[in-house]
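>>> Just the structure for this:
(2 chains)
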Amino acid sequence: MPAHDPSIAALVERMAGSDTGERAAAAEALCRAGEGATSAATALVAACSDVDDGVREWAAAALEELGPPPVDQIADLISLAAADHPLVAYWAVTLLGRGGEGANSAVPVLGACLAPEKAIEVRQRACWALGRIGPAAATARAALTVAAADPDPRLSRLAGEVLATCGR
Amino acid sequence: MAGTLSKAVVRWGAALAALLSLVGGLTLRGSASTARPSTALLTGLSAPFAHAADALPPAGTVGAPPAGGPAPGPSTLPASRPWDAVLIASFNIQVFGESKIAKPQVVEILARVVRQFDVVAIQEVRAKSDSVIPRFVDAVNADGSRYHWIIGPREGRTVSKEQYCFLYDMNRIEVDAGSIGVVPDPGGKLHRPPMHVRFRTRVIPASKAFTFWMVDIHTDPDEVPQEIDALVDVFAAMRTARPDEDDVILLGDLNAGPPQFGRFTKTPGVAWAVAGVTTNTHRTKTYDNLIFDRNATTEYLGRWGVVDLQSTFGLPLDRALEVSDHNPVWAAFYPCESSGPAAASAGIAGLATPVR
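Sure thing, here's the model as predicted:
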């Protein structure tokens, strides 16, 4: 989980510590850094499974403000997208979507995130991410076709939109 | 600009809801029974326009005399709270939860901001506990102010939820208790569907007082174009939600500046207060705004501002960011319905020109 900026790297280290207050304070500081905390993207996604509410809330708020993830964090985000924890998977998927075409290696895991046993917010976000990745999403066509027939109107709509752009 | 307000509660009928359902798949909640959130969300509201009084408040309780002079322009607090203006603000108080309410210096800044305005629409209340806003209102009222609050349900697609909240000065504002609700979004177009409340100013007799919807929104930064598009439909639906109210002020953190306002920019009459000034604490984005129809809401006085937390309170950036990553934004409206001299005589110097 690289974090090249020394101050950001120090906050990432604090956020992985054993003291709850320290972890929450570090997550809050990363949130205040805004897009400057981009190098902490993967660490912030991982922090979404923290046992402490405060850490999770600040981490999620920080992730809202980040732009596309660094290219060297795509592989870690692909691993996190497969996590069982819905908030971790949701944010990993979101960052992969923000990566756009540069995250096309994530198409298989995003296709897997469409599976019915996944949390609905993860499935919906995976559709959105595939749409952002573009033509490479076509390899997830089978999963998208299933999602397009899902009774959840948002999932169905998003899957249909992706299929319309990458070919049914 | 609206017709004379009936004192009777105007219920939203099922037929109206059905009509609204034709608008972009977004409907307002269609009946009195569903328009209201759980009573746990409300405090002390038992009648339409709770805290209502038809008489003018006693002298000295409604703020300073007319400010006069030029519009204050951007990056300022309003000079005072005059009797001839309703000051409406929006403030995204980033992750407003337990950790923030536990910082007295932050709470003091937030309270000082709120006390400048008649109504403040807040975004990003994020707390498992329901005590954050009551504790904050206690802090606001510690100087003798009389603010009250309305808070919405927890919203969001993940376990990380947010609430909308309205704080209002009971000396100057009252609430149509039957008007509180969240815009239903069965198609899932909005991550956090907006909350709506109808208010009326108390600084003049009720029969002539400015009434208006406020629609509080915090868009999802990853789906801004789609959400802005949906909000155009929300705005249109709110304008026809009841026959005696055409003043709709949609406000909040749009995660978009005027160039990204999409169909709003093509809707005749639609305008926004904030333009050409950044609204985030880092001073890089213009994401917060108030949108209304200038042909309907002629009460707009052309006065608006952005409360730059750093310059207003003398805070370095890191301390200002402890308060929020957004600055509050505000606009002023004439307290009389429609035919007042407001916009006509005051000009619309601060009114944004939509990008077309």
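>>> Just the helices from chain A, written as ranges.
Listed in chain order, the helices found in chain A under DSSP state H are A:6-15, A:20-32, A:41-47, A:53-65, A:74-81, A:86-98, A:107-112, A:120-133, A:141-148, A:153-166.
>>> Out of the ones you listed, which gets nearest to chain B?
With distances scored as Cβ to the nearest Cβ, the stretch of the helices of chain A nearest to chain B is helix A:153-166 (2.9 Å). Glycine gets a C-beta too; all of them are placed from N, C-alpha and C.
>>> so does the closest one get close to chain B?
Yes - Helix A:153-166 comes into contact with chain B when judged by Cβ under 8 Å from any Cβ of the partner chain, the residues involved being A:Pro153, A:Arg154, A:Arg157.
>>> And the buried ones among those residues, selectable in ChimeraX?
In ChimeraX, a selection of the buried entries from the residues of helix A:153-166 next to chain B looks like this (16 or more other Cβ atoms under 10 Å in any protein chain shown):
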select /A:154,157
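>>> Including distance to A:Gly102 and pLDDT, could the residues of helix A:153-166 next to chain B go into CSV?
Compiled in CSV, the residues of helix A:153-166 next to chain B are given as follows (distance: Cβ to Cβ, whole Å; pLDDT from 0 to 100):
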residue, distance to A:Gly102, pLDDT
A:Pro153, 30, 97
A:Arg154, 26, 97
A:Arg157, 26, 97
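>>> and of the residues of helix A:153-166 next to chain B, the nearest to B:Asn255?
Nearest to B:Asn255 out of these is A:Arg154 (Cβ to Cβ; 18.9 Å).
>>> residue contacts, the closest one?
Contact analysis of A:Arg154 by Cβ atoms under 8 Å, 6 or more residues apart in numbering or on different chains lists A:Gln124, B:Gly187, B:Gly188, B:Lys189.
>>> Check which helix or strand the third one maps to.
Going back to what we said before, that points to B:Gly188. For B:Gly188, there is no enclosing helix or strand under DSSP states H and E.
>>> gap between it and A:Asp53?
To A:Asp53, B:Gly188 is 26 Å away according to Cβ to Cβ, to the nearest Å.
>>> same deal with the first one?
A:Gln124 sits at a distance of 24 Å from A:Asp53 (criterion: Cβ to Cβ).
>>> Pass me the low-pLDDT residue ranges in chain B, would you?
When the per-residue scores of chain B are filtered using pLDDT under 70, the ranges that remain are B:1-77, B:79-80, B:339-356.
>>> residue nearest the centroid of it?
Of all residues in chain B, the one closest to the mean position by Cα atoms, centre = their mean is B:Ala121, 4.0 Å from it.
>>> Identify the bridge partners of that one.
Beta-bridge partners for B:Ala121, by DSSP bridges, are B:Ser90, B:Phe166.
>>> B:Phe91 reaches B:Asp325, doesn't it?
No - the pair formed by B:Phe91 and B:Asp325 falls short of the contact definition of Cβ atoms under 8 Å, at 11.4 Å.
>>> show me the contacts for the residue nearest to the spatial centre of chain A.
What sits nearest the mean C-alpha location of chain A, by Cα atoms, centre = their mean, is A:Ala92, with 1.9 Å. Contacts for A:Ala92 were tallied using Cβ under 8 Å, 6+ apart; they are A:Val45, A:Leu77, A:Ile78, A:Leu80, A:Ala81, A:Ala83.
>>> Tally up the residues packed near B:Leu231, please.
Using other Cβ atoms under 10 Å in any protein chain shown as the criterion, B:Leu231 is surrounded by 28 other residues.
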